[in-house]
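> return a 3D structure for these sequence lines:
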Amino acid sequence: MSCEQIWQMVLSELELIMPESSFQTWFQNTSIKSFSGGLATISVPNIFTKSWLEKKYSKEILNILKNLDCDAREIEYVIDYSPKSSAYKNSSKKAKASSSKSLGHVGDEDLKLPGLNIDAKTGLNPRYAFDNFVVGSFNELAHAAVSASVQNLGVSYNPLFIYGDVGLGKTHLIQAAGNEIKSLYPNLSILYVQAEKFTNDLVHSLQHHKMDDFKEKYRNIDVFIIDDIQFIARKEQTQIELFYTFNTLYEKNKQIILSSDRPPRAIPELEDRLRSRFEGGMIADIGAPNLETRIAILKEKLIQKNTSLDDEIVNHIAKNFENNIRELEGALTRVLGLIKMTNTLPSVEIVSKWLLSTSSQSNKNISSKNILEAVSVFYDIDEKLILSKSRRQEIVKARQVSMYLLREILRLSLPSIGQKIGNKDHSTVIHAIGKIENGLKKDENLIEEIKKIKQKLYK
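Reported below is the predicted structural model:
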């Protein structure tokens with residue numbers, strides 16, 4: 001594989017294990033500059049990206065390279081201010097349209113992740129649109145709510161709070177809303193930010209005595225879209241400033257759209273007054289897509305990439321990557337990479353082996369059934385009892401541990417977890433996960449128990 005192909009494979013794996021908004025922020029304009037003698041030299045656009053990747057992602061990148069059978073032992077980062085350094089850059093040459101493009105004609109462009117041509121004024125990525133957002137039963141309520149908000153800004157569903165697990169399309173949906181508003185109402189001012197950026201802007205403004213500029217930026221807009229709002233948990237000053245920003249916009253009937261990986265009541269240490277504001281409008285969740293929708297998503301992605309795959313291979317990918325959309329798209333990218341490298345039409349068996357060998361996910365072979373079995377064996381409690389309504393203390397604990405592991409390892413949605421653990425309701429799942437998370441902060445025995453169960457699962 002070329003350096004560019006290797007980096008695209010790395011990016012497709014990283015996209016599975018980190019929030020989409022963070023992925024966009026830190027991996028734009030990056031590439032592998034050279035790879036020799038076990039040293040991978042990664043090109044980054046500035047000192048901030050260099051510092052952040054060194055601290056946060058070097059280990060993950062190195063592990064992915066090793067799983068790709070690359071002889072990688074060390075990583076170094078170099079700053080390259082040239083726009084040519086981007087592995088994401090949009091090609092100036094449009095791909096030739098070809099409705100007959102086949103498996104054997106997968107080009108480099110098919111391996112590339114979509115370009116991040118971010119609008120500097122709005123913060124929106126134009127690749128996110130309603131037209132390429134696949135709607136299914138798992139997200140139809142959220143899609144309908146967003147569509148209604150776009151048509152009746154500040155009136156229908158204000159604020160609008162969208163929540164769901166990582167990789168299920170929240171960022172796509174809320175950015176698509178922003179792009180649609182921009183198209184319908186070109187004179188309106190729109191701002192999309194990640195909650196992390198809101199905090200960073202606030203800190204910078206406080207340090208440099210520029211709060212007037214901060215307030216002008218965030219309070220003098222018509223549409224405010226803020227992603228990954230759970231990031232403000234336990235950040236007192238951020239919550240205070242967001243509360244006043246929220247009130248200023250709301251009182252002017254400006255549209256507010258928020259996203260999170262959990263509902264407002266499940267965000268830890270969130271001020272009651274802010275939680276109340278979030279819950280004052282429409283709350284819609286996005287669950288995991290069913291098989292038919294996963295197939296539709298893959299086919300939509302193939303259309304966007306101007307290529308095709310045998311239905312048998314598409315169905316295999318859809319059946320084996322069911323937790324989230326990002327994981328699904330990552331698998332598709334790896335299969336297209338295989339086709340590009342071998343220039344052959346692989347069988348389903350070859351595709352299956354390739355996906356297993358190139359996945360950096362330690363939980364790639366773990367299912368919800370595996371987790372229930374492991375918990376059942378560890379605590380010596382029958383699975384049927386874990387799924388029952390029994391309130392015996394030892395059974396409740398095993399049930400709560402099961403819910404926690406389903407969330408942490410498989411990133412299942414809260415409704416999905418409840419369904420798998422005896423059709424428990426949403427609030428029961430939230431309480432169970434919270435109970436285990438709190439216990440892991442202080443209970444050494446619980447920490448050891450979770451560790452041993454995971455060791456069994458990862459064997």
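> strands of the stretch 101-250 of the chain, residue ranges please.
With strands called from DSSP state E, counting those that start in this stretch, the stretch 101-250 of the chain shows them at 160-164, 190-194, 223-227.
> tabulate the ones you listed (CSV), appending mean neighbour count and mean pLDDT.
For the C-beta atoms, the positions are set from N, CA and C on the backbone; glycine is no exception. Putting those into CSV (neighbours: other CB atoms under 10 Å; pLDDT from 0 to 100) gives the following:
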stretch, mean neighbour count, mean pLDDT
strand 160-164, 26, 94
strand 190-194, 22, 95
strand 223-227, 25, 97
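> closest one to residue 278 among the ones you listed?
Closest approach to residue 278 among those (CB to CB): strand 160-164, 5.3 Å.
> ok, the closest one: who's next to it in the sheet?
Under the criterion DSSP bridges, strand 160-164 sits next to strand 255-260 (parallel), strand 282-286 (parallel) in its sheet.
> out of the strands of the stretch 101-250 of the chain, which gets nearest to residue 281?
Per CB to CB, nearest to residue 281 of these: strand 160-164, 5.8 Å.
> export the closest one as CSV, just CAs?
Only the C-alpha atoms of strand 160-164 are listed here, as CSV (Å, rounded to 0.1, in the frame of the first residue of the first chain):
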residue,chain,number,x,y,z
LEU,A,160,-34.4,20.9,19.8
PHE,A,161,-32.3,18.3,21.6
ILE,A,162,-31.0,15.2,19.6
TYR,A,163,-29.3,12.4,21.5
GLY,A,164,-27.9,9.0,20.6
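> give me the contact list for that strand.
139, 142, 145-146, 149, 170, 173-174, 255-264, 278-279, 281-287, 413 (CB atoms under 8 Å, 6 or more residues apart in numbering).
> and the angle for it with strand 223-227?
On the basis of axes from the mean of the first three to the mean of the last three CA atoms, to 10 degrees, strand 160-164 is oriented at 20 degrees to strand 223-227.
> not counting its neighbours along the chain, what's nearest residue 245?
Excluding its sequence neighbours, the residue lying closest to residue 245 (CB to CB, 6 or more residues apart in numbering) is residue 218, at 5.0 Å.
> ok, that neighbour - contacts?
Taking CB under 8 Å, 6+ apart as the criterion, residue 218 is in contact with 191, 198, 201, 224, 245.
> contacts only, for the closest residue to the first one other than its chain neighbours.
Counting by CB to CB, 6+ apart, the nearest residue to residue 191 once its immediate chain neighbours are dropped is residue 221, at 4.9 Å. The neighbours of residue 221, taking CB under 8 Å, 6+ apart as the test, are 189, 190, 191, 249, 254.
> farthest pair in those residues?
Of all pairs in these, the most separated under CB to CB is 190 and 249 at 12.1 Å.
> report pLDDT for the nearest residue to residue 215 once chain neighbours are set aside.
The shortest distance from residue 215 to any residue other than its chain neighbours is 7.8 Å, reached at residue 245 (CB to CB, 6+ apart). For residue 245, the model assigns a pLDDT of 97.
> ok, now which ones touch residue 245?
When contacts are counted by CB under 8 Å, 6+ apart, residue 245 touches 215, 218, 219, 224.
> distance to residue 369 for those residues - can I get that in TSV?
TSV is the format used below for these (distance: CB to CB, whole Å):
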residue	distance to residue 369
215	52
218	47
219	50
224	43
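> show me those that map onto helices.
Cross-referencing the contacts of residue 245 against helices under DSSP state H gives 215, 218, 219.
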